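**Q** give the three-dimensional model of this entry:
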Amino acid sequence: MVLFPEPIQGPLDPRLNTRAWPYKVLQLMFEGLVDIHDESLEPRPALAERIDQPTPATYEITLRADARFHDGTPVTAADVVATYASVRDPRLGSPLRSMYTRVETVEALDERRVRIVLDGPHAPFLSDLSLPILPARAIGPDGHLVGPPIGAGPYAFHAREGEREVVLKRFDGYHRGRPRTPYLVFRTIRDQNTRLLALLGGSADVVQNSVSPVLADAMREREGLAVDTVPGVAYAYLTFNLRDPALKDVRVRRAIAHAIDRERLLEHKFRGVARAARGMLPEGHWAYNPDVATYAHDPARARALLDEAGLPDPEGPAPRFRLTYLVSTDKFRRNLARLIADDLRAVGIEVDVRAFELGTLLSDLKAGNFQIATLQWPDPSEPHFYNWVFSSERIPTAAEPNRGGNRGAFFDPEADALIEAGRTAPDRAGRRSAYDRLQALVADALPYVSLWHEDVVVVRRAGLEGFRLLPDASLYGLWEAGWK
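**A** Prediction:
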């Protein structure tokens with residue numbers, strides 16, 4: 001049994017459900033033409049046997065002859081065409097639709113070959129081919145599923161108990177081999193201590209990234225348990241609402257960055273399972289640029305910048321100004337936010353920390369109802385993710401709250417141009433050049449304070465072997481896991 005800290009909300013349809021925890025279940029049920037389930041986080045063929053690119057905007061895909069859906073039928077070109085058409089159909093309302101607006105045609109050449117033509121070169125499209133494929137017969141006229149979910153991943157849907165539990169069963173026809181464990185059970189237990197007691201008592205087997213580093217560290221000495229870690233790509237950040245009168249001044253944002261003592265938090269709260277971040281991309285990524293502006297803990301510099309910005313330290317107990325700081329209800333995240341708030345108070349900024357359920361928090365951010373907040377992007381490993389987060393075209397609106405992740409309304413024409421250059425560059429060297437400059441620009445303009453990249457931390461029963469941890473915290477590696 002795998003324990004989750006959040007409800008398994010939403011439909012078991014990977015075109016519609018992009019919530020972090022439910023999607024971990026969906027990654028075991030469905031498969032795309034490519035997947036990114038390895039340590040490099042580079043796309044590799046999955047349902048595709050080979051991918052040819054006769055022109056920069058044309059992809060010709062040959063499907064695996066042994067690819068099967070859970071009902072035993074082969075994965076065909078018609079299924080690929082139907083899946084891509086459904087995601088692009090506005091009637092379905094898929095949050096992934098904007099990723100495929102550059103697709104002009106998806107055509108079945110024969111039963112196993114598909115041609116996809118874009119409106120021009122789009123370097124990230126190889127990663128976008130990870131869109132999970134559904135059988136055409138399971139897609140209704142409006143794009144929604146007809147009947148239970150059917151995919152081509154290592155596990156098939158078996159049962160569901162509301163938002164509390166999902167059970168998957170082994171798919172013996174999986175093209176990479178027979179999964180080792182007959183059933184996987186995913187259950188929601190919100191309380192961290194209860195999750196640990198379930199592990200200690202033997203009624204649960206795996207907890208990933210839902211135990212605080214301090215408690216995970218303590219579990220290393222418990223008989224019958226094991227703790228595994230791998231460097232992760234999850235990126236924690238503090239975001240600013242740049243519409244705010246004070247926060248639109250870059251000097252104020254830099255002052256806040258200098259006020260935060262990240263090293264103290266990394267040492268005392270993370271116990272070695274997180275690394276300071278310079279930007280969204282972690283060290284070791286092919287596009288990582290180490291030569292960008294950084295903001296060391298320097299309260300004196302923070303005070304000087306606030307003075308320069310016209311926010312002097314007043315006489316007496318009054319603060320320079322006040323901020324409301326939004327954070328999730330997770331106990332560990334709340335504690336981190338309170339410590340960051342203490343750092344800001346030390347330089348004269350009064351902070352009111354307010355915790356909300358994740359859905360409410362995201363709604364407020366999309367609506368622009370915030371000043372500062374901390375969150376994570378779980379997997380920004382494709383550098384075109386900068387488009388989602390910082391492009392001026394990705395600022396959510398009341399009419400289009402899911403338009404993008406640029407919730408703080410960052411606008412910079414040069415950043416837009418570099419994002420476009422990275423998207424259309426004909427080779428990796430060209431992309432690297434554009435992203436080098438983009439990372440330097442973002443670090444200087446500071447729409448985010450980069451905090452840290454957190455490791456993937458798994459606490460498991462010691463008898464479970466073969467579970468391969470992945471940097472993006474996917475649970476796909478469970479298909480090879482089993483008991484000694």
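
**Q** list the residues that contact the residue lying closest to Phe410 once chain neighbours are set aside.
**A** Counting by CB to CB, 6 or more residues apart in numbering, Phe410 lies nearest to Pro447, which is 3.9 Å off, once chain neighbours are set aside. Just so you know, the C-beta spots here come from the backbone N, C-alpha and C atoms, and that holds for glycine as well. By CB atoms under 8 Å, 6 or more residues apart in numbering, Pro447 lies in contact with Thr239, Phe240, Leu242, Arg253, Phe390, Gly408, Phe410.

**Q** among these, which lie within helices?
**A** Under the assignment DSSP state H, the contacts of Pro447 contribute Arg253, Phe390 to helices.

**Q** in CSV: the contacts of Pro447, plus distance to Asp472, neighbour count and pLDDT.
**A** As requested, the contacts of Pro447 are exported to CSV (distance: CB to CB, whole Å; neighbours: other CB atoms under 10 Å; pLDDT from 0 to 100):
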residue, distance to Asp472, neighbour count, pLDDT
Thr239, 21, 23, 98
Phe240, 26, 27, 98
Leu242, 29, 21, 98
Arg253, 29, 24, 98
Phe390, 20, 27, 97
Gly408, 24, 25, 97
Phe410, 24, 21, 98
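
**Q** TSV for the contacts of Pro447, including distance to Ala85?
**A** Shown next, in TSV, are the contacts of Pro447 (distance: CB to CB, whole Å):
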residue	distance to Ala85
Thr239	35
Phe240	39
Leu242	38
Arg253	43
Phe390	30
Gly408	34
Phe410	34
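
**Q** could you point out which element follows the longest helix along the chain?
**A** Counting by DSSP H, the longest helix found in the chain is helix 428-445. Next in sequence after helix 428-445, counting helices and strands by DSSP states H and E, comes strand 448-461.

**Q** now the next helix or strand after that following strand, how far from the centre of its chain.
**A** The helix or strand immediately downstream of strand 448-461 is strand 464-465, counting by DSSP H and E. Computed by CA atoms, centre = their mean, to the nearest Å, the separation of strand 464-465 from the middle of its chain amounts to 26 Å.

**Q** and if you look at stretch 404-411?
**A** With CA atoms, centre = their mean, you get 17 Å for stretch 404-411.

**Q** what does stretch 4-22 give?
**A** Distance, centroid of stretch 4-22 to centroid of chain: 13 Å (CA atoms, centre = their mean).

**Q** contacting residues around it?
**A** 23-26, 29-30, 83, 86-87, 92-96, 131-132, 134, 143-145, 149, 151, 157, 160, 163-166, 186-190, 192, 195, 210, 330, 358, 378.

**Q** a helix runs through Leu361, doesn't it?
**A** Yes - assignment of Leu361 by DSSP: H, G, I helix; E, B strand; the rest coil places it within a helix.

**Q** based on its surroundings, how many neighbours for it?
**A** 20 (other CB atoms under 10 Å).

**Q** go on, Arg334?
**A** Per other CB under 10 Å, the neighbour tally for Arg334 reads 15.

**Q** any idea how far Leu361 is from it?
**A** From Arg334 over to Leu361 the distance is 12 Å, taken as CB to CB, to the nearest Å.

**Q** and Ser94, backbone torsions?
**A** Phi and psi for Ser94, reported as degrees, to the nearest 10, are phi -70, psi 130.

**Q** can you show me the strands along the stretch 151-300 of the chain?
**A** 155-161, 165-170, 183-188, 206-208, 225-240, 274-276 (DSSP state E, counting those that start in this stretch).

**Q** domain map for the chain?
**A** Domains of the chain are assigned by automatic domain parsing as 31-138, 232-455.

**Q** now render those domains as a markdown table, adding distance to Glu480.
**A** Formatted as a markdown table, those follow (distance: least, CB to CB, whole Å):
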| stretch | distance to Glu480 |
| --- | --- |
| domain 31-138 | 11 |
| domain 232-455 | 19 |
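
**Q** among the ones you listed, which is nearest Leu478?
**A** Closest to Leu478 of the domains of the chain is domain 31-138 (CB to CB; 11.0 Å).

**Q** end to end, how far does the closest one reach?
**A** 15 Å (CA to CA, to the nearest Å).

**Q** in stretch 87-97, what's buried?
**A** Val87, Arg88, Leu92, Ser94, Leu96, Arg97 (16 or more other CB atoms under 10 Å).

**Q** what does stretch 343-360 give?
**A** By 16+ other CB under 10 Å, the buried positions in stretch 343-360 come out as Asp343, Leu344, Val347, Gly348, Ile349, Val351, Val353, Ala355, Phe356, Leu358.

**Q** the fourth one contacts Arg303, correct?
**A** Yes - with contacts counted by CB atoms under 8 Å, Gly348 reaches Arg303, the gap being 6.8 Å.

**Q** show me where the chain has its helices.
**A** 20-29, 77-88, 125-128, 192-201, 213-219, 250-259, 262-269, 299-308, 331-345, 358-366, 385-390, 413-424, 428-445.

**Q** from the chain's centroid, how far away is the first one?
**A** For helix 20-29, the gap between its own C-alpha mean and the chain's C-alpha mean amounts to 12 Å (CA atoms, centre = their mean).

**Q** that one vs strand 155-161, what angle?
**A** Orientation of helix 20-29 against strand 155-161 (axes from the mean of the first three to the mean of the last three CA atoms, to 10 degrees) gives an angle of 140 degrees.

**Q** dump the C-alpha coordinates for stretch 289-297 into CSV.
**A** Taking C-alpha atoms only, stretch 289-297 is exported to CSV below (Å, rounded to 0.1, in the frame of the first residue of the first chain):
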residue,chain,number,x,y,z
ASN,A,289,23.5,28.2,-16.2
PRO,A,290,25.5,28.6,-13.0
ASP,A,291,26.6,32.2,-13.9
VAL,A,292,23.5,34.1,-12.7
ALA,A,293,22.8,36.6,-9.9
THR,A,294,22.4,35.1,-6.5
TYR,A,295,21.2,36.7,-3.2
ALA,A,296,23.2,35.6,-0.1
HIS,A,297,21.8,36.1,3.3
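
**Q** quick one: buried residues of it?
**A** Residues of stretch 289-297 classed as buried: Asn289, Val292, Ala293, Tyr295 (neighbour count, 16+ other CB under 10 Å).

**Q** for stretch 259-267, same thing?
**A** Ala259, Ile260, Asp261, Arg262, Leu265, Leu266.

**Q** circling back to that earlier point, what's the farthest-apart pair in the contacts of Pro447?
**A** So, the contacts of Pro447 by CB to CB: farthest apart are Arg253 and Phe390, at 14.2 Å.

**Q** what residues of stretch 114-133 count as buried?
**A** 114-116, 118, 122-133.

**Q** hmm, I was thinking of stretch 4-14
**A** Phe4, Pro5, Glu6, Ile8, Leu12, Asp13, Pro14.

**Q** could you dump those residues to CSV with distance to Tyr325 and pLDDT?
**A** Output for the buried residues of stretch 4-14, formatted as CSV (distance: CB to CB, whole Å; pLDDT from 0 to 100):
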residue, distance to Tyr325, pLDDT
Phe4, 26, 95
Pro5, 22, 92
Glu6, 21, 89
Ile8, 29, 95
Leu12, 35, 96
Asp13, 35, 96
Pro14, 33, 96
